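[1] let me see the structure of the following:
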Amino acid sequence: MDRTPRDLLTAMFEAAVAAADPMLCVPQQLPRDVKGRLVVVGAGKASARMAQAVERHWDGPLEGVVVTRYGHAAPCERIRIIEAAHPVPDEAGAQATRDILAAVEGLTEDDTVLALISGGGSALLTAPAGGITLEEKRAINTALLRSGAHIGEMNTVRKHLSRVKGGGLAAAAHPARVLALMISDVPGDDPATIASGPTVGTDTGPADARALLERYGIDMPPSVAAYLASGERPPFDDDVRLSRTENRIIAAPQISLEAAAAVAMAAGVTPIILGDAIEGEAREVARVHAGIAAQVRRHDQPFPAPCVLISGGETTVTVRGEGRGGRNVEFALGLALALEEAAGIHAIACDTDGVDGAEEVAGAVLGPDTLSRALAAGMDPRAMLDNNDGHSFFEALGDSIVTGPTLTNVNDFRAVLVV
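    Got it, this is the predicted structure:
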């Protein structure tokens, strides 16, 4: 291996992010045979960069509006870019969603809507259904984020409280043709789950959303309870208003994991992709990764060292502390504790959008000396994990990974290197 462990792990993460750059994956997917207007709409952390790619590679007239997270804008001339809050929605997102719905209103069969959808769109597309207020949606969203619910469960609730999710955007554009280009940030790459599926019909019902809120002990305001009891719901999969909609996934976690694996192989390290859809509590997923890495170190199984265990997906964190959390630094701190300073094992855990949780930090790196350095600095790693304070832990050690907004999002990236 001709690089330091940290350099190799960082290069692998950079390759994973680069493989999902919208400038690479959007141009070849642009629609053909557009007869009428081309209206571009979108939502997500990658949507502004996707819009920029459309502008650079589309010669004809176009118009539209896209909403992205604060700090994730990209310069566009013909498509209006609006920034709003994530992961908890705000009024800017609500206004942007009203503008998006207005942009697709009154279109004809000759018109085409190009929907640019990526992770983060659930919070950014905000159009409360029925008599539900924005503040009530914010409260439920915050509670879901702290509950430990996985992304599919959270998005089931979100789409049943929205006028735009769960196929609502595509239904509003009917009878125009809708082509949705999606960058997947969800385990399994289900289009119905990416940004809560604004162009995908749903097969769940209000009872499913109510059951999830009850399971996780989340209080329902009277307006939410009344709406879920009203019988109103997002469009079914076979709704005629969705009959001219096509959903395409143009970038996904597996592609990025393979790009990272190629970097490892070029460095003489055997890459082992454990999976692109791994879920579970971040600290428990860390314990499993630690167990596999220890088996490699002690017994050269399932592969001899040097090798690197690579995985993607989206873990969860049941928040019990008051620290500066984030599922990737929770994984990294849990991994360090589980490894107990095992020699020759290094790791990186980062979110490919550059934002882990609510922090403007992608994640962290760790090595065999992480715990000893922390103890020498007067920190209690176990207490900090219990307080969900991974960002403070790695920041104090100088081991945070800060990229700034990457303008893409294919979920978490983890690599455990055994040398």
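[2] name the helices or strands packed onto the strand of greatest length in the chain?
    In the chain, with assignment by DSSP state E, the single longest strand is strand 270-278. Using 3 or more Cβ pairs under 8 Å, 6 or more residues apart in numbering; DSSP states H and E, the elements in contact with strand 270-278 are helix 253-266, helix 282-299, strand 307-313. (C-beta placed from N, C-alpha, C; glycine too.)
[3] ok, now with 6 Å
    Where contact means 3 or more Cβ pairs under 6 Å, 6 or more residues apart in numbering; DSSP states H and E, strand 270-278 is packed against helix 253-266, strand 307-313.
[4] flag every buried residue along the shortest one.
    Of all the residues in strand 307-313, those buried under the rule 16 or more other Cβ atoms under 10 Å are Cys307, Val308, Leu309, Ile310, Ser311, Gly312, Gly313.
[5] tilt between the next helix or strand after it and helix 282-299?
    Later in the chain than strand 307-313, the nearest helix or strand by DSSP states H and E is helix 327-339. Relative orientation of helix 327-339 versus helix 282-299 (axes from the mean of the first three to the mean of the last three Cα atoms, to 10 degrees): 40 degrees.
[6] let me know the pLDDT of the closest residue to Ala290 other than its chain neighbours.
    Leaving aside its sequence neighbours, Ala290 sits nearest to Ala338 (Cβ to Cβ, 6 or more residues apart in numbering; 3.6 Å). The score at Ala338 is 98. That number is its pLDDT.
[7] okay, now Ala338: neighbour count?
    Ala338 has 18 neighbours, counted by other Cβ atoms under 10 Å.
[8] hmm, back to that, any chance of the buried residues of strand 307-313 in a markdown table with distance to Glu91 and pLDDT as columns?
    A markdown table is the format used below for the buried residues of strand 307-313 (distance: Cβ to Cβ, whole Å; pLDDT from 0 to 100):
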| residue | distance to Glu91 | pLDDT |
| --- | --- | --- |
| Cys307 | 49 | 98 |
| Val308 | 44 | 98 |
| Leu309 | 43 | 98 |
| Ile310 | 40 | 98 |
| Ser311 | 37 | 98 |
| Gly312 | 33 | 97 |
| Gly313 | 32 | 95 |
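[9] export those residues to a markdown table and append columns for distance to Ala180.
    Formatted as a markdown table, the buried residues of strand 307-313 follow (distance: Cβ to Cβ, whole Å):
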| residue | distance to Ala180 |
| --- | --- |
| Cys307 | 38 |
| Val308 | 34 |
| Leu309 | 33 |
| Ile310 | 29 |
| Ser311 | 27 |
| Gly312 | 22 |
| Gly313 | 22 |
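[10] tell me which two in those are the farthest apart.
    Farthest apart among the buried residues of strand 307-313 by Cβ to Cβ are Cys307 and Gly313. That separation is 19.8 Å.
[11] ok so, going back, distance to Arg320 added to the helices and strands packed on strand 270-278, as CSV?
    As requested, the helices and strands packed on strand 270-278 are exported to CSV (distance: least, Cβ to Cβ, whole Å):
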stretch, distance to Arg320
helix 253-266, 28
strand 307-313, 22
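[12] figure out which of those is closest to Gly390.
    Among these, strand 307-313 comes nearest to Gly390, with 17.7 Å by Cβ to Cβ.
[13] let me see the ranges of the strands in the protein.
    Here the chain has its strands, by DSSP E, at 38-43, 63-69, 79-84, 112-118, 177-183, 245-251, 270-278, 307-313, 345-351, 363-366, 400-401, 412-418.
[14] reformat those as TSV; add distance to Arg327.
    Below are those laid out as TSV (distance: least, Cβ to Cβ, whole Å):
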stretch	distance to Arg327
strand 38-43	22
strand 63-69	17
strand 79-84	22
strand 112-118	18
strand 177-183	19
strand 245-251	21
strand 270-278	11
strand 307-313	10
strand 345-351	8
strand 363-366	9
strand 400-401	14
strand 412-418	7
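[15] what's next to stretch 41-61, contact-wise?
    Residues outside stretch 41-61 that contact it (Cβ atoms under 6 Å, 6 or more residues apart in numbering): 22-23, 26-27, 40, 64, 66-69, 72-74, 76, 78-79, 81, 100, 103, 115-121, 124-125, 183, 195, 353, 407-409.
[16] can you tell me the distance between the two ends of that stretch?
    With Cα to Cα, to the nearest Å as the measure, stretch 41-61 spans 14 Å from end to end.
[17] do stretch 114-131 as well
    In stretch 114-131, first residue to last residue: 30 Å (Cα to Cα).
[18] what about it, distance to the chain center?
    Relative to its parent chain, stretch 114-131 has a centroid offset of 14 Å by Cα atoms, centre = their mean, to the nearest Å.
[19] cool, stretch 2-11 as well?
    Remark: stretch 2-11 is offset 25 Å from the chain centroid, using Cα atoms, centre = their mean.
[20] cool, and stretch 350-359?
    9 Å.
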